[in-house]
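K.L.:
Provided below are the primary sequence and the corresponding predicted coordinates.
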Amino acid sequence: MSEAEDLTETPKASTGVVASDDTDEDPVAHAHLVAQRTVRDDSPAFADFDINPKIVEALADAGIVRTFAIQELTLPIALAGSDLIGQARTGTGKTLGFGVPLLNRLALPGEPGARPQALVIAPTRELAGQVSGDLAAAGAKLGARVITIYGGRAYEPQIEALARGTDVVVGTPGRLLDLAEQRKLDLSGIQILVLDEGDEMLDLGFLPDIEKLMARIPSRHQTMLFSATMPGPIVALARQFLNQPIQIRAESHGAVPATEHIDQFVYRAHALDKVEMLARILQARDRGLTMIFVRTKRTAAKVADELEQRGFAAGAVHGDLGQGAREQALRAFRSGKVDVLVATDVAARGLDVEGVTHVVNYQCPEDAGTYVHRIGRTARAGASGTAITLVDWDDVPRWQLICDQLKLPLHEPPETYSTSEHLFVELGIPEDTSGVLPRSQRVRAGLDAEALEDLGGRDSGARRDAGTRRRRGERPQPAPARSSDAAAGAGPADRADSGAGSGANATETTHRAPRSRRRTRGGRRVTAPGAAAGEAPQAAAAPGETAADSV
């Protein structure tokens, strides 16, 4: 039987969406669905599908009534228990596309101490936490128990939660495989497996771990794979582990990733002027929450510090931070205590924060896919947004390749500085704006207003060297000498005093007795004036010492 014949027949009448005739270009499944638009005014409601009313009610409580394109296409197939591959650009609602069928097909709630019935694998900690929260909210009225498992947190709470029993486990590959190998995570009861952001897991090198996890899952289960792109290794993974999958696309086959719903501005900027430009961009009219993307961890920390010094409420998310600090920054950003979040590209995948109006590419993205995922943090779920890219002179060729691939008419960014008039006009920046936020506009509570959790993990806690971080131009302070070092440099009398006087006097500075010298003349010893014949001279006693103590 051919690959095309292996695929399940595509349902047509249920949603009114026709199957594509593009059968010769699809590397995995030749029968797939194509949505006409990402969001339609006449999109069906969740209540129109065979979904548990408690799930529909929970979604309605969150203001979610109608489906997006990827959800509309996914639900009939996933609810029937068929394997599928979903392709859609970021921000189109993939989480509920697999989350609702997953919750609908499980027996909820499970017994106390029960092993998990479903497993969702995500590439990043932030995305795992976000997916877990969405599933818990959608399954709240069913009593669904959802556990999030990822590195950076202590093992013990996660092991205890698994021992108490759970219905759904959401996690990152590394920690999931670790607990499975320790026999703390039992995957023998998995009925549904979801791989979210498959291409990102490939980029991060997680495919070997995923294959090991999938080998521990029973052969009879439903698998749903979601990926924005379908590189070769993902295709091979799908062929190996999915059973007659149906591929679903929320955009037509071979279409250029959609970016037209975002207002895009590109400027050729000098590296030494970028922070000054950024400070003015952040004072544009009607700016809401803003995400700034950089390529390196060091740049993320530097930009966040610079903005804080200029009066902006900014936080950072990058790999040099402990998990506690990363979650602190994300909570502060979501709650509005900070309105600027500086992040590396790891955070570009999957983060869904309501109210992000601006995205700034402080450094040019590596490729077109990274650009699309970065700017996808704004204009989510049908909203509008603004994306601003600052391109260094050396990055112009890379940017032109991105424009070619995405068919953007922005190949020649205008040379722009922080004082350029067109920068102010195009972005709606007031004319008298400087590089420092006026004190009257510093109304955000700031990052320190958000509690920092002690997660107990290897890298948990506050920002690296938090509390001792130096400001620019500040000299490092020498570390205080240890008591043992002080004792090592003291004289015999001082060592005796320090041993006897530990406690209140332990912090006092000890005075070392000066050395005594013998006076000679012509090789013969000379006594000090007034000293008895044959008596050795005594050195002056240190303050608080007797003459005998100083010898």
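P.N.:
Cool, got the structure.

K.L.:
Please count neighbours and contacts with C-alpha atoms only from this point.
P.N.:
Fine.

K.L.:
Strands along the stretch 51-200 of the chain, start to end?
P.N.:
84-87, 118-121, 146-149, 168-171, 192-195 (DSSP state E, counting those that start in this stretch).

K.L.:
looking at these, which is buried most?
P.N.:
Counting by mean count of other Cα atoms under 10 Å, strand 168-171 has the highest mean neighbour count of these, with a mean of 26.

K.L.:
Name the surrounding residues that touch that strand.
P.N.:
116-122, 125, 128-129, 131-132, 144-150 (Cα atoms under 8 Å, 6 or more residues apart in numbering).

K.L.:
Give the pairing partners of that strand; include direction for each.
P.N.:
strand 118-121 (parallel), strand 146-149 (parallel) (DSSP bridges).

K.L.:
who touches Met214 in this structure?
P.N.:
Contact partners of Met214, counting by Cα under 8 Å, 6+ apart, are Phe241.

K.L.:
ok so, going back, looking at the strands paired with strand 168-171, which is nearest to Leu242?
P.N.:
Of all the strands paired with strand 168-171, it is strand 118-121 that lies closest to Leu242, at 15.1 Å by Cα to Cα.

K.L.:
pull the CA atoms of that closest one into CSV?
P.N.:
The C-alpha coordinates for strand 118-121 follow below in CSV (Å, rounded to 0.1, in the frame of the first residue of the first chain):
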residue,chain,number,x,y,z
ALA,A,118,-1.2,11.7,28.9
LEU,A,119,2.2,13.2,28.3
VAL,A,120,3.0,16.6,26.7
ILE,A,121,6.6,17.3,25.8
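
K.L.:
can I get the strands paired with strand 168-171 in CSV with mean pLDDT and distance to Gly81?
P.N.:
What follows is the strands paired with strand 168-171, written out as CSV (pLDDT from 0 to 100; distance: least, Cα to Cα, whole Å):
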stretch, mean pLDDT, distance to Gly81
strand 118-121, 96, 13
strand 146-149, 96, 21
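
K.L.:
now the ones you listed in TSV, with distance to Leu437?
P.N.:
Below are these laid out as TSV (distance: least, Cα to Cα, whole Å):
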stretch	distance to Leu437
strand 118-121	41
strand 146-149	39
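
K.L.:
right, and the strands of the stretch 51-200 of the chain - which one's nearest Phe68?
P.N.:
Checking the strands of the stretch 51-200 of the chain against Phe68 by Cα to Cα gives strand 84-87 as the closest, at 13.1 Å.

K.L.:
now that closest one, how far from the centre of its chain.
P.N.:
24 Å (Cα atoms, centre = their mean, to the nearest Å).

K.L.:
Tell me which strands it pairs with, and in which orientation.
P.N.:
When pairing is defined by DSSP bridges, strand 84-87 lines up against strand 222-226 (parallel), strand 246-249 (parallel).

K.L.:
where are the low-confidence patches of the protein?
P.N.:
1-41, 89-91, 251-260, 347-350, 381-382, 455-551 (pLDDT under 70).

K.L.:
Which segments of it make up each domain?
P.N.:
Here the domain parsing of the chain from automatic domain parsing is 3-249, 262-449.

K.L.:
Which of the strands paired with strand 168-171 sits closest to Gln240?
P.N.:
When the strands paired with strand 168-171 are compared for distance to Gln240 using Cα to Cα, the nearest one is strand 118-121, at 17.2 Å.

K.L.:
List the contacts of the closest one.
P.N.:
With Cα under 8 Å, 6+ apart, strand 118-121 has contacts from 102, 128, 167-173, 190-196.

K.L.:
switch to 6 Å and redo it
P.N.:
168-172, 190-195 (Cα atoms under 6 Å, 6 or more residues apart in numbering).

K.L.:
Let's have these in JSON lines, adding distance to Arg220.
P.N.:
JSON lines is the format used below for the contacts of strand 118-121 (distance: Cα to Cα, whole Å):
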{"residue": "Val168", "distance to Arg220": "17"}
{"residue": "Val169", "distance to Arg220": "18"}
{"residue": "Val170", "distance to Arg220": "20"}
{"residue": "Gly171", "distance to Arg220": "21"}
{"residue": "Thr172", "distance to Arg220": "23"}
{"residue": "Ile190", "distance to Arg220": "9"}
{"residue": "Gln191", "distance to Arg220": "7"}
{"residue": "Ile192", "distance to Arg220": "9"}
{"residue": "Leu193", "distance to Arg220": "11"}
{"residue": "Val194", "distance to Arg220": "14"}
{"residue": "Leu195", "distance to Arg220": "16"}
